[in-house]
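Q: Quick one, structure for this:
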Amino acid sequence: MSSMLEKKILPSGSKVFIGEEVKKKRDIEEQIRGIFSLWGFKEIITPSFEFYAPDKESEYRDSEIFKTIDLETGNLLSLRSDVTPQIAQIAGTVLESAPRPLRFSYVTNVFRYMNVSGTYQREFLQAGVELIGLMSLEADAEVIAIAVECLRKIGVKDFKISLSHGGFLAGIFNVLDLTQDDKLKISEAISRRDESSLAQLLKGKRKGKKDANILKNLARLFGDYSVLEYAEKSVKNATSRKSVKELKKVYEILDLYGLTEQIVFDLADFRDFNYYTGVIFEGFVSGVGSPVCGGGRYDRLLKNFGTDDLGTGFAIDLDSLSNVVNNLDNEIKKKSFLVVDFSSSKKNGIEISRKLRDLGYVASRDIMRRELKDSLTFARESKFDYCLVIDTKSIRTKKIQVLTSNGVEVTISSIDEIVDRLKEGGTL
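A: Next comes the predicted model:
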């Protein structure tokens, strides 16, 4: 649908998907669902509505949530803005006594009013996994490996997975003994990669001065494995050093998977201190201005729902990926047919349409009364490959004329001859 028409009939940040766009999205979904299943994850469907609970840690994040009045009780409800807290709550209540670890996957829409690459959006199609009940760096490496496999499976070539750790910057902040306001300002400066502002904010901080120096050269915190070697030599506090060691171990495990080509490190990436507690990561694709996937360890979140479980997971932005993926590697496009039946009985048209669909081909009957040239125009505009033309002569000769959508004759054959040629993916 044209963007101009969408603006007239839809709220900003909403979009309609039609035809081939839908097919591409569904193909990507099914490929990713298949990967999740092969790794042993069971699909879960969570409700679109949930009880609204203010986000006490972030007023900004809370402002992105869509809220509505429950017509039954008058209480506030919210539209699902994040699947992970829903699954965490289910793990701590309904599945409290279920054997661990829990492996769940999902493909669903989430609703947030947020800026993505300069454009505000309201609805996002996500696919993801949650691995709950396992404190292991192998679990962290596994979800990263699944994310890489998903991107590879759907044909994404030029991508990188950026690894970081929630404890690295948290450890530095702790030894600096910062106020909450200082933490916020320094975090914002790091997000902007603003080294001059950081130098001013860190000026006069006597505690943890050696650790603070690493923040004055943020470029050294991004790159290949050598970033970890540099960080380990440069920081002194135990929390940050432990974070580096954990990233090294995860890298070693990913090397066993054969995935280190895609890995880079960005120790200045902290995402959300109140959400992520360990290894975190984001996936970037060439030509896309925002991450196409991201996740990490979120042990603290699970405690909010009355469970001591530990968890890690990730989500993929399927909307972004559908814009960069062309054709799935394993997709075989079967030909499509428009059946144009000028006979009075319509018997032959219905019969060959059914037989073609039984073989897995697209077969649509043109049931509008119009001339052949108009049916051919419709076939071209609707991207049909062939037109099967049945007229009074066809009834007499028991032959059907096969035309390309441009009107070029391919063959004149019987129904059985056409069907036999198309079996096993044959040609006309």
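Q: Where does pLDDT dip in the chain?
A: Residues of the chain that meet the criterion pLDDT under 70 lie in 1-7, 56-60, 117, 272-274, 327-333, 424.
Q: Looks like Ala170 contacts Thr239 (just checking).
A: Yes - judged on C-beta atoms under 8 Å, Ala170 makes contact with Thr239 at a distance of 6.4 Å. C-beta here means a position set from N, CA and C on the backbone, and glycine is covered the same way.
Q: Show me the domain layout of the protein.
A: According to automatic domain parsing, the chain comprises the domains 3-324, 336-425.
Q: and these as CSV, adding mean neighbour count?
A: Formatted as CSV, the domains of the chain follow (neighbours: other C-beta atoms under 10 Å):
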stretch, mean neighbour count
domain 3-324, 17
domain 336-425, 16
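Q: OK, contacts around the closest residue to Gly278 other than its chain neighbours?
A: Spatial nearest neighbour of Gly278, chain neighbours left out: Arg297 (3.2 Å); criterion: C-beta to C-beta, 6 or more residues apart in numbering. Listed by C-beta atoms under 8 Å, 6 or more residues apart in numbering, the contact partners of Arg297 are 140, 166, 276-280, 310-312.
Q: What about those, which are in helices?
A: In helices, judged by DSSP state H, the following of the contacts of Arg297 are found: 140, 166.
Q: Just the contacts of Arg297: which are in strands?
A: Residues of the contacts of Arg297 located in strands (DSSP state E): 279-280, 311-312.
Q: What is the nearest of those to Gly74?
A: Gly311 (33.7 Å; C-beta to C-beta).
Q: From what I see, that closest one and Leu302 are in contact.
A: Yes - taking C-beta under 8 Å as the definition, Gly311 is a contact partner of Leu302 at 5.4 Å.
Q: Pull up the overlap in contacts between the two.
A: 88, 91, 132.
Q: Redo the residues you listed as TSV? Include distance to Val16.
A: Putting the shared contacts of Gly311 and Leu302 into TSV (distance: C-beta to C-beta, whole Å) gives the following:
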residue	distance to Val16
Ala88	33
Ala91	35
Ile132	36
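Q: Glu138 versus Leu372, what's the distance?
A: 64 Å (C-beta to C-beta, to the nearest Å).
Q: At which residues are the helices of the stretch 251-400 of the chain located?
A: Along the stretch 251-400 of the chain, the stretches classed as helices by DSSP state H, counting those that start in this stretch are 299-303, 318-324, 347-358, 372-381, 392-397.
Q: Would you reformat these as TSV and include distance to Ser336?
A: Output for these, formatted as TSV (distance: least, C-beta to C-beta, whole Å):
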stretch	distance to Ser336
helix 299-303	47
helix 318-324	21
helix 347-358	9
helix 372-381	9
helix 392-397	20
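Q: what's the closest of the ones you listed to Arg152?
A: That would be helix 318-324 among the helices of the stretch 251-400 of the chain, by C-beta to C-beta, at 12.1 Å.
Q: Alpha carbons of that closest one, in CSV - could you do that?
A: Output of helix 318-324 as CSV, limited to C-alpha atoms (Å, rounded to 0.1, in the frame of the first residue of the first chain):
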residue,chain,number,x,y,z
LEU,A,318,11.0,-9.5,11.8
ASP,A,319,9.8,-6.2,10.2
SER,A,320,13.3,-5.0,9.7
LEU,A,321,14.5,-8.3,8.4
SER,A,322,11.7,-8.6,5.8
ASN,A,323,13.1,-5.3,4.3
VAL,A,324,16.6,-6.8,3.7
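Q: Any chance you could list what contacts it?
A: 21, 24-25, 28-29, 32, 107, 124-127, 151, 154, 156, 285, 287-288, 290, 292.
Q: Distance from the chain centre to that helix, please.
A: Taking C-alpha atoms, centre = their mean, to the nearest Å, one finds helix 318-324 lying 8 Å from the centre of the chain it belongs to.
Q: just stretch 213-227 next, same as before
A: Stretch 213-227 sits 29 Å away from the centroid of its parent chain (C-alpha atoms, centre = their mean).
Q: and what of stretch 407-420?
A: Put simply, stretch 407-420 sits 43 Å off its chain's centre (C-alpha atoms, centre = their mean).
Q: Same question for stretch 243-261.
A: 23 Å.
Q: contacts for that stretch?
A: Taking C-beta under 8 Å, 6+ apart as the rule, stretch 243-261 contacts 137-138, 140-141, 144-145, 148, 161, 163-168, 171, 225, 228, 231-232, 235, 263, 265, 278-279.
Q: Touching, Ser413 and Ser394? I think so.
A: No - Ser413 lies out of contact with Ser394 (C-beta under 8 Å); the separation is 10.6 Å.
Q: Touching both of these two, which residues are there?
A: Shared contacts of Ser413 and Ser394, defined by C-beta under 8 Å, 6+ apart, are found at Ile400.
Q: From Val83, how far out is Tyr52?
A: For Tyr52, the distance to Val83 - C-beta to C-beta - is 16 Å.
Q: same question but for Lys209, I mixed them up
A: 42 Å.
Q: Find the nearest non-adjacent residue to Glu142, please.
A: Glu142 sits nearest to Leu131 (C-beta to C-beta, 6+ apart), 6.8 Å away.
Q: ok but that neighbour is inside a strand, no?
A: Yes - under DSSP: H, G, I helix; E, B strand; the rest coil, Leu131 sits within a strand.
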